[in-house]
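Trainee: With the sequence up front, the predicted model follows.
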Amino acid sequence: LIQISNCYLEIGRVKCVEGSSRKGLLYYGKALEIQSKVAPTSLDHANTLHQLGLFYMKLGQPSFSKKYIQHAVLIRETCAPSSLVLAESLYYLGEVLTNQEELSSSMECHKRALQLRSQLKPLSIDEAESFHAVGHLAEKMGHWQEALYYYSMEFIARDTDAIETAKVHNIIGNILLRETNRINDSVSNHEMAVAIQSSHGKSSLLAKYLEDLISAVRRKGDNSNKYEQQLQEIIRKPIEQS
């Protein structure tokens with residue numbers, strides 16, 4: 001029966017990818033019905049709950065998403081307390097809670113996910129995403145120094161992911177300009193974001209980074225003409241989607 005339920009789960013996933021949400025939900029429900037009866041505390045059941053939570057997240061129904069992912073977390077905490085699958089559920093539960101402005105609860109979930117990912121999968125995209133999530137939450141909560149720390153740790157985990165690294169440099173530059181007196185550091189981070197993004201082609205992201213750099217340079221009291229000219233060159237051409 002578990003194998004049958006897993007087949008239903010996969011069919012549901014495929015239907016969702018194809019855009020047939022109603023059919024996808026039907027097959028998810030079939031998988032859940034079987035697992036609830038024959039293996040209610042199994043990792044298979046937790047996986048179905050987790051996938052169903054992600055499905056409702058994509059549909060923009062956070063209350064259902066929260067319900068199913070929380071249930072997945074409870075099972076995974078029991079069956080796999082030190083695992084990447086638990087970290088995954090905690091991460092997405094944190095995302096749902098962030099969207100619902102339950103920031104303290106979200107921070108708890110994201111920090112637990114980060115701890116597991118740092119232990120089990122260091123220097124990975126997963127760890128980098130958790131660093132970013134905690135940094136973003138700290139920023140939303142007004143904890144600027146904490147935000148800067150976690151964004152900085154994201155650099156280490158990102159390693160060769162240049163596009164995301166440029167994005168983090170720009171975020172840090174904005175925090176430094178907005179919330180601290182470290183204007184020189186702000187300009188340096190914005191310059192780094194522009195330099196990295198420039199090597200990957202002119203894009204809407206590069207235009208955004210240049211606008212932020214110009215603001216920082218003006219705040220510093222320096223001449224921003226060369227960056228303004230670079231921005232105008234991009235604006236005159238069709239901006240590629242990043």
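Mentor: That came through, no problem.
Trainee: What is the three-state secondary structure of Gly19?
Mentor: coil (DSSP: H, G, I helix; E, B strand; the rest coil).
Trainee: tally of neighbours for it?
Mentor: Neighbours of Gly19 under the rule other C-beta atoms under 10 Å: 8. In this view, the C-beta of every residue, glycine as well, is placed from N, C-alpha and C.
Trainee: Helices along the protein, start to end?
Mentor: Along the chain, counting by DSSP state H, helices occupy 2-17, 21-38, 43-58, 62-79, 84-99, 103-120, 125-140, 144-158, 162-179, 183-198, 204-220, 225-236.
Trainee: How much space separates Gln70 from Leu206?
Mentor: To Leu206, Gln70 is 40 Å away according to C-beta to C-beta, to the nearest Å.
Trainee: cool, Glu108 as well?
Mentor: According to C-beta to C-beta, Glu108 and Leu206 sit 36 Å apart.
Trainee: again with Leu84
Mentor: Taken as C-beta to C-beta, the span from Leu84 to Leu206 is 34 Å.
Trainee: neighbour-wise, which of the two wins?
Mentor: It is Leu206, of Leu84 and Leu206, that has more neighbours when counted by other C-beta under 10 Å, with 23 against 18.
Trainee: Any stretches of this structure with poor pLDDT?
Mentor: When residues are selected by pLDDT under 70, those of the chain lie in 1-2, 202, 238-242.
Trainee: which phi and psi does Glu102 have?
Mentor: Main-chain dihedrals, Glu102, degrees, to the nearest 10: phi -90, psi 70.
Trainee: can you count the residues close to it?
Mentor: Applying other C-beta under 10 Å, we find 15 residues neighbouring Glu102.
Trainee: what's it in contact with, if anything?
Mentor: By C-beta atoms under 8 Å, 6 or more residues apart in numbering, Glu102 lies in contact with nothing.
Trainee: now it: how far from Glu129?
Mentor: 19 Å.
Trainee: what's the answer for Arg13, then?
Mentor: 21 Å.
Trainee: Neighbour count for these two, which is higher?
Mentor: Glu129 (20 against 17).
Trainee: Quick check, central residue of this protein?
Mentor: The centre of the chain sits closest to Glu129, judged by C-alpha atoms, centre = their mean, with a distance of 5.2 Å.
Trainee: Could you pull up the contacting residues of the closest residue to Asn184 other than its chain neighbours?
Mentor: Leaving aside its sequence neighbours, Asn184 sits nearest to Lys220 (C-beta to C-beta, 6 or more residues apart in numbering; 7.0 Å). Contact partners of Lys220, counting by C-beta under 8 Å, 6+ apart, are 183-184, 187.
Trainee: how close does Lys220 sit to Gly29?
Mentor: 58 Å.
Trainee: again with Tyr151
Mentor: Distance, Tyr151 to Gly29, using C-beta to C-beta: 40 Å.
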